[in-house]
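Visitor: Got a predicted structure here, sequence first:
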Amino acid sequence: MSSSNTGSFAANLTLTALRVVAAFIFFTSGTNKVFGWPTPLPDGATFDPMTQVGIAGILEVVGGVLLFLGLFTRITAFLMSGMMAVAYFQVHAPGSFYPVVNQGVAAVLFCFIWLHFAAAGAGPWSLDARRGKK
C-alpha cells in the first residue's frame, strides 16, 4: 500500500470515527431529553414535545441516528449545526462570552462538527456512499 493510500485509509477511518462517536453522543443527549435516559430529567420533569427542549430532543434523536448511519448526512448535519448555533446563542451565550464559563462547549463543538459534515459529507463508509451520494 502506498503512503497516499494509507493516508486516505487513515483519513476515512478518523472521519468515520468522528461521525459515529459524535452522532452517538448527540443521540444520547436527545434520548436524555425525550426518554430520561441515560439520566433522569432534572427535578422530576417530564417530556413535552411542544417545548423547545422537547423539539430539540426529538431532532437530536432522529438526527443522531441519521448521522450515525451516514444517511442524508449533508442536510441533516446542516440542520443540526443550525440547531446547535441557536442553542448556543439562545441558551448559553447570554451567560458569558466564554463557552467554558457558560457551559456551551458541547453546543459549539457540535455546531462546527456538524457544519464540517454538511460540507464534507459522511465519507465513504456510510449509507450515503452506498446509495451513491457523495
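Guide: The structure has been received and is ready for your questions. Numbers count the residues shown, from 1 in each chain.
Visitor: The lowest-mean-pLDDT helix or strand in the chain: which residues count as buried?
Guide: Using mean pLDDT, DSSP states H and E, helix 3-35 stands out as the lowest-scoring helix or strand of the chain, at a mean of 90. Using 16 or more other CB atoms under 10 Å as the burial criterion, the residues of helix 3-35 that qualify are 15-16, 19-20, 22-23, 26-34. Placement of C-beta: from N, CA and C, glycine included.
Visitor: nearest to Leu69, of the residues you listed?
Guide: Ala23 (8.2 Å; CB to CB).
Visitor: got the contact list for the helix or strand following the least confident helix or strand of the chain?
Guide: Next helix or strand after helix 3-35 toward the C-terminus (DSSP states H and E): helix 52-69. With contact meaning CB atoms under 8 Å, 6 or more residues apart in numbering, helix 52-69 is reached by 19-20, 22-24, 26-34, 47-49, 72-73, 76-77, 79-80, 83, 87, 114, 117, 122, 126-127.
Visitor: Next: stretch 116-134.
Guide: Looking at what lies outside stretch 116-134 - CB under 8 Å, 6+ apart - the contacts are 12, 15-16, 19, 67, 69-75, 77-78, 81.
Visitor: Could I have the buried ones of the residues you listed as ChimeraX selection syntax?
Guide: ChimeraX command restricting these to the buried ones, with burial defined by 16+ other CB under 10 Å:
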select :15,16,19,67,69,70,71,72,73,74,77,81
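Visitor: got a list of what the nearest residue to Pro94 once chain neighbours are set aside touches?
Guide: Distances taken as CB to CB, 6 or more residues apart in numbering place Asn102 nearest to Pro94, at 7.8 Å, with adjacent residues excluded. Shown in contact with Asn102 (CB under 8 Å, 6+ apart): His92, Ala93, Pro94, Gly95, Ser96.
Visitor: switch to 10 Å and redo it
Guide: Tyr88, Val91, His92, Ala93, Pro94, Gly95, Ser96, Val108 (CB atoms under 10 Å, 6 or more residues apart in numbering).
Visitor: Tell me the first helix or strand C-terminal of the helix or strand that contains the last one.
Guide: Just to be clear, that refers to Val108. Assignment of secondary structure by DSSP H and E places Val108 within helix 105-120. Downstream of helix 105-120, the next assigned helix or strand under DSSP H and E is helix 127-130.
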